[in-house]
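J.: Attaching a predicted model along with its sequence, questions to come.
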Amino acid sequence: MSEVAKNTIIQLKEFFDQNGVDFWLEAGTALGVYRDNEIMPWDHDMDVAIWFQNRPSIGSFKKYFEPLGLKVIAQKGFPFIDNIIQLRVDAEESRFMDVDIYLYREHGDYAYMRWINSPVGFLSSSKQKILYYLNALYVSNGFKWSFSRKILSERLCKFLFENYLKIHINTSECIYHRFPKTFFKELKEINFDGLDVKIADDTERYLAYRYGDGWSIKDETFNQTGKWKASQARVKLKMNHLPIPEIGKY
């Protein structure tokens, strides 16, 4: 394991331990650590996950990680939390890796993660553009949006975004990551270069569910050729399969 990856895991462990939260390795990070005992060389970030209901506040993330030179991005800049918190290095050279922290929700027998900002199906491109435009009006104080905000007023921008979000979620579909929740309810510790990290207890079944039966064979073209789209874990569902997120609730 590189020193950068090791430093990143140490800080994640310390932060989540302080907050009493279990995290586990996810996606390509789980695959690389379990199969190859390394973070795959072509991976530009580290993937971990926690349960949505156990997430620390964004304020807690910022207080801990920003002094280390890591920028905390909640939900890719949207004013709610649904499926992702990102840690991004602020400098070209850093002691840490970028991190994607996925948030999974329990619903029935499954754990779900959805992408509200990426609708699929009829008029999806137009819906996405409207969502991003109204979000920019809602959250931005920059010069680019200042004229529109003066015309519309901050209150109206907030009203438009919040009501469009409800319409968007109630009329759209998106791709979810859906796993049997036992994958993430039952975790085990594995030793990764001297550090104990958690991973799905039924690791090989989890990896087959996410990457297919060929998960054990290295394939550097897996992402570039779109093979990931065939994952059993990817399902198209109505966005309102899960509750609408609360605006401003970090």
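T.: Nice, thanks for sending it over.
J.: ok, and the closest non-adjacent residue to Lys62?
T.: Computed as Cβ to Cβ, 6 or more residues apart in numbering, the closest residue to Lys62 that is not its neighbour in sequence is Val72, at 4.8 Å. C-betas here are computed from N, CA, C, even on glycine.
J.: I'd say the one you found and Ser60 touch.
T.: No. Look at Val72 against Ser60 with Cβ atoms under 8 Å: they stay out of range, at 9.5 Å.
J.: Which residues lie in contact with Ala5 in this structure?
T.: 39, 46, 97 (Cβ atoms under 8 Å, 6 or more residues apart in numbering).
J.: Please report the distance of Ile101 from Met113.
T.: The gap separating Ile101 from Met113 is 11 Å, by Cβ to Cβ, to the nearest Å.
J.: How about Glu220?
T.: The gap separating Glu220 from Met113 is 25 Å, by Cβ to Cβ.
J.: what do you get for Arg35?
T.: 22 Å.
J.: Return the set of residues that bridge with Arg178.
T.: Beta-bridge partners for Arg178, by DSSP bridges, are Tyr112.
J.: Tell me how many other residues crowd it.
T.: Using other Cβ atoms under 10 Å, the number of residues around Arg178 comes to 21.
J.: next helix or strand past the helix or strand of the chain with the lowest mean pLDDT?
T.: Using mean pLDDT, DSSP states H and E, helix 143-152 stands out as the lowest-scoring helix or strand of the chain, at a mean of 60. The helix or strand immediately downstream of helix 143-152 is helix 154-171, counting by DSSP states H and E.
J.: which residues are contacting that next one?
T.: 79-80, 116, 119, 127, 130-131, 134-135, 137-138, 148-149, 152, 239-240, 244, 247.
J.: Arg35 and Met113: which is more packed in?
T.: Legend: neighbour count by other Cβ under 10 Å for Arg35 and Met113, higher for Met113 (21 against 17).
J.: Provide a list of residues in contact with that one.
T.: Per Cβ under 8 Å, 6+ apart, neighbours of Met113: 83, 102-105, 176-178.
J.: mind showing which ranges of this structure have poor pLDDT?
T.: Applying pLDDT under 70 to the chain flags residues 1, 141-151, 222-228.
J.: Would you map the strands across the protein?
T.: For the chain, the strands defined by DSSP state E cover 24-25, 45-51, 70-74, 84-89, 98-107, 110-120, 173-180, 187-192, 195-200, 234-238.
J.: so can I have JSON lines of the contacts of Ala5 showing neighbour count and distance to Glu26?
T.: Converted to JSON lines, the contacts of Ala5 look like this (neighbours: other Cβ atoms under 10 Å; distance: Cβ to Cβ, whole Å):
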{"residue": "Ile39", "neighbour count": "25", "distance to Glu26": "13"}
{"residue": "Met46", "neighbour count": "25", "distance to Glu26": "9"}
{"residue": "Met97", "neighbour count": "22", "distance to Glu26": "14"}
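J.: Kindly indicate which of those residues lies nearest Leu31.
T.: Leu31 lies nearest to Ile39 out of the contacts of Ala5, by Cβ to Cβ, at 10.0 Å.
J.: thinking that closest one is in contact with Asp47, fair?
T.: No. The criterion here is Cβ under 8 Å, and Ile39 misses it with Asp47 at 9.8 Å.
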